[in-house]
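[1] Have a look; sequence and predicted model below, questions after that.
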Amino acid sequence: MTAKKDTLANNNYPWINPIGGFGDQLMLSGVLKQVIEQFPSKRFNLARRTNYLTFLKRHPAIAEVGFPPKDSEIIGVDYWSMEKLGPGNQRPFQILARRFGLTTPVEEHLYIPDPIEDDPLLYDIIPWKKRNIVIAPASDSPRKVIHPSIWHRAVQMLRSDGSLVLQVGRLGDLHIRNAYSLLGLTTPRQLFSLISRCDLVITSDNFIMHAAHLMGAPAVAIWGPTHHRVYGYPEQTHLQMPKTCELGEDEECIGPHVNRKGKLYNTPCPHKDRHCMDKIRPVDIYKTAKKVLMGI
């Protein structure tokens with residue numbers, strides 16, 4: 001088939017309109033992998049958008065990355081607006097799986113194309129210790145973020161036991177004192193390899209929580225406005241902070257039924273010192289981490 005005919009054939013495939021963060025990309029990639037495993041002839045095109053090729057470029061389910069022609073079939077992946085979110089079969093992965101024609105429930109296996117490779121240059125700058133812990137305090141939503149002073153005290157406790165604490169994230173993220181900063185020094189794909197070399201991940205509800213699941217790495221995840229039964233993974237250890245606002249246990253202040261038009265996602269909690277994430281005690285983070293490291 002000529003390149004022109006191949007392009008015309010690809011134009012007959014439905015186009016996926018990517019949206020969300022890196023964690024959402026990982027879930028979408030995992031769903032698409034299961035789709036082509038069950039339906040080998042199925043393919044999709046991917047609308048080209050900034051930052052959405054990290055885990056989908058060269059994906060076996062993606063035929064073409066580009067710009068949809070007029071009147072193309074567009075598949076949205078905004079699972080939060082498709083069905084009511086919840087535990088069990090209403091988790092985001094399950095909703096996405098149904099969106100692409102899978103019968104649920106399905107196993108929530110995440111997937112990335114291409115092998116994960118080590119980065120010796122990165123590893124050479126890290127002062128490795130006998131026990132190495134990754135922390136990922138940041139989130140795109142301020143409502144998922146713990147006050148940095150809490151992280152600081154937790155890091156002090158972990159370091160007092162001789163652990164190296166590595167902070168990962170974007171260059172502009174706030175550095176937690178006494179953590180060894182790798183902010184802005186890793187690509188998302190490099191983080192997979194780094195996580196696999198460490199003994200524990202401590203994170204909030206963000207991309208690193210999903211990455212730990214993909215790599216099978218031990219993880220402690222801290223939750224507040226979102227719930228681990230909806231977004232977390234069963235093999236992880238979850239610290240769920242009770243809400244101090246009027247919302248119920250499974251309701252989210254940044255969820256679709258409260259967060260109309262997405263305006264609240266990028267705003268801080270209005271309850272200030274009653275912010276649910278700030279109810280976590282540093283000693284609870286430390287003790288939970290110790291239990292996971294000791295296999296208790």
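    Received, thanks. Numbering: from 1, shown residues only.

[2] For the residue nearest the centre of the chain, give its distance to Y233.
    Closest residue to the average C-alpha location of the chain: F207 at 2.4 Å, with CA atoms, centre = their mean. Taking CB to CB, to the nearest Å as the measure, F207 falls 13 Å from Y233. All C-beta atoms are positioned from the backbone trio N, CA, C, and that covers glycine.

[3] Equivalent analysis for V201, please.
    Following CB to CB, the distance that separates V201 from Y233 is 12 Å.

[4] who touches both of those two?
    Jointly contacting V201 and Y233 under the rule CB atoms under 8 Å, 6 or more residues apart in numbering are M209.

[5] who's more crowded, these two?
    Remark: of V201 and Y233, V201 carries more neighbours, 28 against 18, as counted by other CB atoms under 10 Å.

[6] follow-up on the earlier one: intersection of neighbour lists for F207 and Y233?
    Residues touching both F207 and Y233 (CB under 8 Å, 6+ apart): there are none.

[7] Next up, the contacts around V201.
    The neighbourhood of V201, defined by CB under 8 Å, 6+ apart, consists of 133-136, 195, 208-209, 211-212, 217-220.

[8] cutoff 7 Å now
    Going by CB atoms under 7 Å, 6 or more residues apart in numbering, V201 touches V134, I195, I208, A212, A217, P218, A219.

[9] Please write out the alpha-carbon positions of stretch 189-204 in PDB.
    Extracted C-alpha coordinates of stretch 189-204, given in PDB (Å, rounded to 0.1, in the frame of the first residue of the first chain):
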ATOM      1  CA  ARG A 189       9.700   7.800  31.300                       C
ATOM      2  CA  GLN A 190      12.900   8.100  33.300                       C
ATOM      3  CA  LEU A 191      10.800   8.200  36.500                       C
ATOM      4  CA  PHE A 192       9.700   4.600  35.800                       C
ATOM      5  CA  SER A 193      13.300   3.400  35.900                       C
ATOM      6  CA  LEU A 194      14.100   5.500  38.900                       C
ATOM      7  CA  ILE A 195      11.100   4.200  40.800                       C
ATOM      8  CA  SER A 196      12.000   0.600  40.100                       C
ATOM      9  CA  ARG A 197      15.500   1.200  41.700                       C
ATOM     10  CA  CYS A 198      14.000   2.600  44.900                       C
ATOM     11  CA  ASP A 199      12.600   0.800  48.000                       C
ATOM     12  CA  LEU A 200       9.500   2.900  48.400                       C
ATOM     13  CA  VAL A 201       7.400   5.700  46.900                       C
ATOM     14  CA  ILE A 202       5.400   8.200  49.000                       C
ATOM     15  CA  THR A 203       3.000  10.300  47.000                       C
ATOM     16  CA  SER A 204      -0.300  12.100  46.800                       C
END
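
[10] pLDDT weak spots in the protein?
    1-11, 257, 259-262, 296 (pLDDT under 70).

[11] try 80 this time
    Scanning the chain for pLDDT under 80 picks out 1-11, 50-51, 248-251, 255-263, 296.

[12] pretty sure R153 belongs to a strand, no?
    No. Counting by DSSP: H, G, I helix; E, B strand; the rest coil, R153 falls outside a strand, being helix.
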